[in-house]
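**Student:** Quick one: sequence plus predicted model below, questions after.
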Amino acid sequence: MKITTNIEKFTNPLYLESGRILEPYELIYETYGELNSDKSNVIVVCHALTGSHHASGTYEGDRKSGWWDAVVGEGKAINTDEFFVICVNIIGSCFGSTGPMSPRYPSSKPYRLKFPVITISDIVKAQIILFDRLGIHHAHAVIGGSMGGMQALCFAIEYPNFAKKHIMLASTYATSPWAIAFNKVAREALVKDPSFKNGLYDPVEIKESGLFGLATGRMCGYISYLSPDSMEKKFGRNYVQTDGLYELFGRFEVERYLDYNGLNFVNWFDPLSFLYITKAINIFDARRNFDSLEDSLSRVKSELSLISFSNDLLFLPKEMLEIHQTMCKIGKENFTRYIEIKSDYGHDAFLVEIDKFAHHIKNILEEK
């Protein structure tokens, strides 16, 4: 599989929903496979909160492959023998695209908290501008899970002529109070940590000494990404063998799991990116700027496939089902399909239980 990584620099301003502008800015993206002569085999893959442009394959010297390696590749559900796949790191992220720790032109100092608030619409708009520069004016499909699914829906509503197919997994049309509440706890833990220093932290220093507010926020996230059933199967009531049961700070295995993943998160993800991207997720509502969900979905002109997971507690299956039912209600039943995957894993099933849904993606993409 041919993998390339590129950075595009833009000097024209990106006008944001907030009324602010981002100028200049950069987008890093990765491509897989070969673009055909008429550019009709493009698939856009959109990443979630902590994802990046590195969706598949392995960099030299790395052990860990891209975040959706089981789905994207030669002979896989998104088959790079047939399709040209492009995954863009979103603005606001910390993996190479312009974000809060990028230099604020004309200064060399980073934006930090002066970075503008971004929305999912802004994120998608930046990608459309990139694709236009690359001469990609149409795509076979746009696909994403969680926040990536929000982007796919945004493409379908705001750029209805861009793609033939849109596939959303484990996502929603509007972030619920339940999900916003989880994000609130995570964000509050981060900003109240003295080591955050009101956004003036030293990135090297926090990687060495830790940032417990961000670690706590990540623990909160992990709870929302799993389910009671998956936690029971993973950990049960097993206790860490080296910890005493009657030690006040002795841990169950589930606690050790949260400790490890929370503390490790600080080593590879930027705190300000976490704040800005969770804010974009909280703001997301496909009905905003429209009279209703019916009004916004009336703009959809191509296929919208919705794949939910039965034990997803973050974005409930009924939220995806409502999109499907609304499409049917407004006479677009031929443009929509709804698939609920039976799963006990929770929200992260779209990253983990590939065997349960990969064939659906493959079939949707290959349908004429």
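**Tutor:** Done, it's in. Numbering: from 1, shown residues only.
**Student:** separation between V204 and F265?
**Tutor:** Here the criterion is Cβ to Cβ, to the nearest Å. By it, V204 lies 16 Å from F265. For every residue, glycine as well, the C-beta is placed using N, CA and C.
**Student:** These two: who's more crowded?
**Tutor:** Shown here are V204 and F265; by other Cβ atoms under 10 Å, F265 has more neighbours (21 against 8).
**Student:** list the contacts for the residue nearest to the spatial centre of the chain?
**Tutor:** In the chain, the residue lying closest to the centroid (Cα atoms, centre = their mean) is A48, at 1.0 Å. Neighbouring residues of A48 by Cβ atoms under 8 Å, 6 or more residues apart in numbering: G144, G145, S146, M147, G148.
**Student:** nearest to K76, of these?
**Tutor:** Nearest to K76 among the contacts of A48 is G145, at 15.3 Å by Cβ to Cβ.
**Student:** From what I see, the closest one and L169 are in contact.
**Tutor:** Yes: with contacts counted by Cβ atoms under 8 Å, G145 reaches L169, the gap being 3.8 Å.
**Student:** Residues touching stretch 125-138, excluding its own?
**Tutor:** The contact list for stretch 125-138 (Cβ under 8 Å, 6+ apart) reads 8, 10, 14, 25, 27, 29, 39-40, 42, 44, 86, 88, 90-91, 139, 151, 158-159, 161-164.
**Student:** Can you give me the buried ones in stretch 354-363?
**Tutor:** Buried residues in stretch 354-363, counted by 16 or more other Cβ atoms under 10 Å: I354, K356, F357, H360, I361.
**Student:** can you tell me how far the second one sits from S310?
**Tutor:** Applying Cβ to Cβ, one obtains 10 Å for the distance of K356 from S310.
**Student:** Now for the two: what residues contact both?
**Tutor:** Both K356 and S310 are in contact with I341, K342, S343, where contact means Cβ under 8 Å, 6+ apart.
**Student:** quick one: which of these is most hemmed in?
**Tutor:** Tallying neighbours with other Cβ under 10 Å puts S343 at the head of the shared contacts of K356 and S310, with 24 neighbours.
**Student:** Now do the SS call for that residue.
**Tutor:** With DSSP: H, G, I helix; E, B strand; the rest coil as the basis, S343 sits in coil.
**Student:** likewise I167?
**Tutor:** Applying three-state DSSP to I167 yields a three-state assignment of strand.
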